[in-house]
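A.B. asks: missing the sequence, but the structure's below:
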């Protein structure tokens, strides 16, 4: 299999999808059209900006963002195929630096390499759970309620987290080899932890989560859905076969 062709083809598609997300969020040169200064004491110090988006635009971006993140994560897995690195030794914190905080420093957001685990509702596992009690009756059309819902679609939503995730996605695609080395070092740390004789503790052994990837949809609603299905298949195949090149 030509893995370089797989990486280059899907890398180009994901670059276009991320560019589309930046255009939807109206980000130009790292700034957002809806950026507003965060509320504070009004002192001379520089305040961190708060990015605002209309709710309908926020929801539209989220429909594409989650599967795009999963696709980029799997593209990194393909790029790290056959790459073996040693885990870096942890450096001890020097005396007098333990209280240092870098919260005020600007640093590039790190792209998450591991799938987030599914969150299950506790009431589903309750033996006394009655599904019929959660069925809501059909609502009678209420013009006033419909008008309120239409207004809520334009309500402003804090989108700072979205902008950070978009920036991390773009940085990851712009430096795919570095992300592959990060994943290889993470796997080396997991293997080292398994080799050390110590009390067992729960840990992730694979960047994949059980079941479908985050953001997976059976019916394609956007181009990112087809890309996610392709790279998920190739990422699983890359984990099965060693690199002989």
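C.D. replies: Now that the structure is in, tell me what you want to look at. This is a predicted model, so every value here is computed, not measured. Residues are numbered from 1 along each chain as shown.
A.B. asks: Would you mind checking which helix or strand in the protein has the lowest mean pLDDT?
C.D. replies: For the chain, scoring each helix and strand by mean pLDDT, DSSP states H and E identifies strand 35-37 as the least confident one, at a mean of 52.
A.B. asks: Looking at stretch 235-242 now, give me its mean pLDDT.
C.D. replies: Taken as a whole, stretch 235-242 carries a mean pLDDT of 82.
A.B. asks: low pLDDT regions in the chain?
C.D. replies: Within the chain, the ranges that satisfy pLDDT under 70 run 27-50, 87-108, 120-154, 197-199, 241-245.
A.B. asks: Residue 190 reaches residue 201, doesn't it?
C.D. replies: No. In this structure, residue 190 is not within contact of residue 201 by CB atoms under 8 Å, at 11.7 Å. C-beta coordinates here come from the backbone N, C-alpha and C atoms, glycine included.
A.B. asks: Please say which of the two ends up with more neighbours.
C.D. replies: Between residue 190 and residue 201, counting by other CB atoms under 10 Å, residue 190 is the more crowded of the two (16 against 6).
A.B. asks: how about that one, phi and psi?
C.D. replies: In terms of degrees, to the nearest 10, the main-chain angles of residue 190 are phi -70, psi -40.
A.B. asks: residues contacting it?
C.D. replies: Listed by CB atoms under 8 Å, 6 or more residues apart in numbering, the contact partners of residue 190 are 203, 204, 205.
A.B. asks: List the buried residues of stretch 2-15.
C.D. replies: Of the residues in stretch 2-15, those with enough neighbours to count as buried (16 or more other CB atoms under 10 Å) are 3, 6, 7, 10, 11, 13, 14.
A.B. asks: Check stretch 191-211 too.
C.D. replies: Going by neighbour count (16+ other CB under 10 Å), the buried part of stretch 191-211 is 207, 208.
A.B. asks: what about it, start to end distance?
C.D. replies: One end of stretch 191-211 sits 23 Å from the other (CA to CA, to the nearest Å).
A.B. asks: cool, stretch 207-217 as well?
C.D. replies: The stretch stretch 207-217 measures 20 Å between its terminal residues, going by CA to CA.
A.B. asks: which residues are contacting that stretch?
C.D. replies: The contact list for stretch 207-217, computed with CB under 8 Å, 6+ apart, reads 65-70, 73-74, 77, 113-118, 183, 186, 224-225, 228-229, 232, 235-236, 239.
A.B. asks: any idea whether the closest residue to residue 204 other than its chain neighbours is helix, strand or coil?
C.D. replies: Across the structure, with CB to CB, 6 or more residues apart in numbering as the measure, the residue nearest residue 204 apart from its sequence neighbours is residue 114 (6.0 Å). Classification of residue 114 using DSSP: H, G, I helix; E, B strand; the rest coil returns coil.
A.B. asks: for residue 225, what are its contacts?
C.D. replies: Each residue near residue 225 by CB under 8 Å, 6+ apart is listed here: 67, 216, 217, 219.
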